[in-house]
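[1] model the following, please.
(chains A, B, C and D)
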2 protein chains.
Amino acid sequence: MLNINNIISKDYLSSKNIKPSFARIKIFEYLSNNHIHPTIDEIYHALIDEIPTLSKTTVYNTMKIFIDNKLVKLVSIEDTETRYDINVQIHGHFKCESCGKIYDFNVDLHNLLTDDLNGYNIHEKNIYFKGICNTCSNNSNTN
Amino acid sequence: MLNINNIISKDYLSSKNIKPSFARIKIFEYLSNNHIHPTIDEIYHALIDEIPTLSKTTVYNTMKIFIDNKLVKLVSIEDTETRYDINVQIHGHFKCESCGKIYDFNVDLHNLLTDDLNGYNIHEKNIYFKGICNTCSNNSNTN
DNA sequence: TTACAAGTTTGTAATGATTACAATTATATG
DNA sequence: CATATAATTGTAATCATTACAAACTTGTAA
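    Down below sits the predicted model:
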């Protein structure tokens, strides 16, 4: 049942001081292969067939460990849904109000610092936009 | 019981097509006078002495109306707490991980647009940082 | 003033995400 | 193989938010 990806994920988790259990490897690989900023529920349903004994508590526990060890970042766009992002580089999120998809976009946050934060110790920068994505705009145009 | 602020708030709500009921005026004035990005709970507790019959449902209802009519903006920084901001101009938020306070800062988001969002229709821009604020940094230095 | 309609407020119950926790299961090591 | 340690699971508890129906207010018109 071992394969290259499995070994790589295993080693990667180990290198981050996370014991590479079966569930953790599978959850990590799901996040790596699906950059869709999933919710706990989406992760759970995506894996329940492959891991029939999986519980949501395990998904919660695992995401907490991943966040604490900076493997993933929490995405707070809507107050109603907590999402997770395997891409921990600084980048922006665009949430489409029509289809609900969240897109990544590149953004350079270096040159927008203001004097207002002089003396402040910044640990984390987040930026997100909302609107209508390209695809949804085009669909409504052709109606 | 009428005063200048009361009249102004009343007229302002009316001008936004919101019936200026007593609760709505008081909630609006609380937000105007306290730029602390309060939670529902904070608003409720701040006003319960003045409006003993106030219910949290009313605070929820009122905030929904204010948001729909663009008098306030929702602030999603933590997934665990929904906050509200009377300042609807584009600006950044800095949340201190030590004292929990949320500071406003000015930011010019015009020049950070990337090609990634060409064709996207942007309705709303949000930016927030996390870290340790000036005050908390200084306090820990003097220990 | 009174009656009425429309809108507002309230309290309670329902929902749904998240967390706490104890029991069970898996894993690694000697 | 035995044991200790850690991971996983299921259930119950918690907490914010929403749904909803009843009660209350307000403005208007007779």
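[2] chain A against DNA strand D: which residues are in contact?
    Within reach of DNA strand D by Cβ under 7 Å from any atom of the strand, chain A has these residues: A:18-19, A:21-24, A:51, A:53-55, A:57-58, A:61-62, A:79-80. Backbone N, C-alpha and C define where each C-beta goes, glycine included.
[3] mind doing that once more with 6 Å?
    By the rule Cβ under 6 Å from any atom of the strand, the part of chain A lying against DNA strand D is A:19, A:21-24, A:51, A:53-55, A:57-58, A:61-62, A:79.
[4] which residues touch the most centrally placed residue in chain A?
    For chain A, A:Asp85 is the residue whose C-alpha lies nearest the centre (Cα atoms, centre = their mean; 1.2 Å). Applying Cβ atoms under 8 Å, 6 or more residues apart in numbering or on different chains to A:Asp85 gives the contacts A:His35, A:His37, A:Val72, A:Lys73, A:Leu74, A:Val75, A:His93.
[5] what's the closest of the residues you listed to DNA strand C?
    Nearest to DNA strand C, judged by Cβ to the nearest atom of the strand, of the contacts of A:Asp85 is A:Leu74 at 9.3 Å.
[6] pretty sure the closest one contacts A:Ile86?
    No: using Cβ atoms under 8 Å, A:Leu74 makes no contact with A:Ile86, being 11.7 Å away.
[7] domain ranges for chain A?
    With domains defined by automatic domain parsing, chain A comprises A:4-84, A:89-141.
[8] closest to DNA strand C out of those domains?
    Using Cβ to the nearest atom of the strand, the domains of chain A put domain A:4-84 closest to DNA strand C, at 3.3 Å.
[9] indicate whether the closest one makes contact with chain B.
    Yes: interface with chain B: domain A:4-84 contributes A:Leu74, A:Ser76, A:Ile77, A:Glu78, A:Asp79, A:Thr82 (Cβ under 8 Å from any Cβ of the partner chain).
[10] quick one: mean pLDDT for that domain?
    Per-residue pLDDT over domain A:4-84 has a mean of 94.
[11] check stretch A:119-134 too.
    Rounded to a whole number, the mean pLDDT of stretch A:119-134 is 95.
[12] between the contacts of A:Asp85, which is nearest DNA strand D?
    Checking the contacts of A:Asp85 against DNA strand D by Cβ to the nearest atom of the strand gives A:Val72 as the nearest, at 15.0 Å.
[13] let me see the ranges of the helices in chain A.
    Counting by DSSP state H, chain A has helices at residues A:4-15, A:22-33, A:40-47, A:56-68, A:134-141.
[14] can you redo these as CSV, where the extra columns are distance to A:His110 and mean neighbour count?
    Formatted as CSV, those follow (distance: least, Cβ to Cβ, whole Å; neighbours: other Cβ atoms under 10 Å in any protein chain shown):
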stretch, distance to A:His110, mean neighbour count
helix A:4-15, 29, 14
helix A:22-33, 27, 18
helix A:40-47, 33, 17
helix A:56-68, 25, 16
helix A:134-141, 27, 13
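[15] of the residues of chain A next to DNA strand D, list those near DNA strand C.
    Restricting the residues of chain A next to DNA strand D to contacts with DNA strand C (Cβ under 6 Å from any atom of the strand) yields A:Ser21, A:Phe22, A:Thr57.
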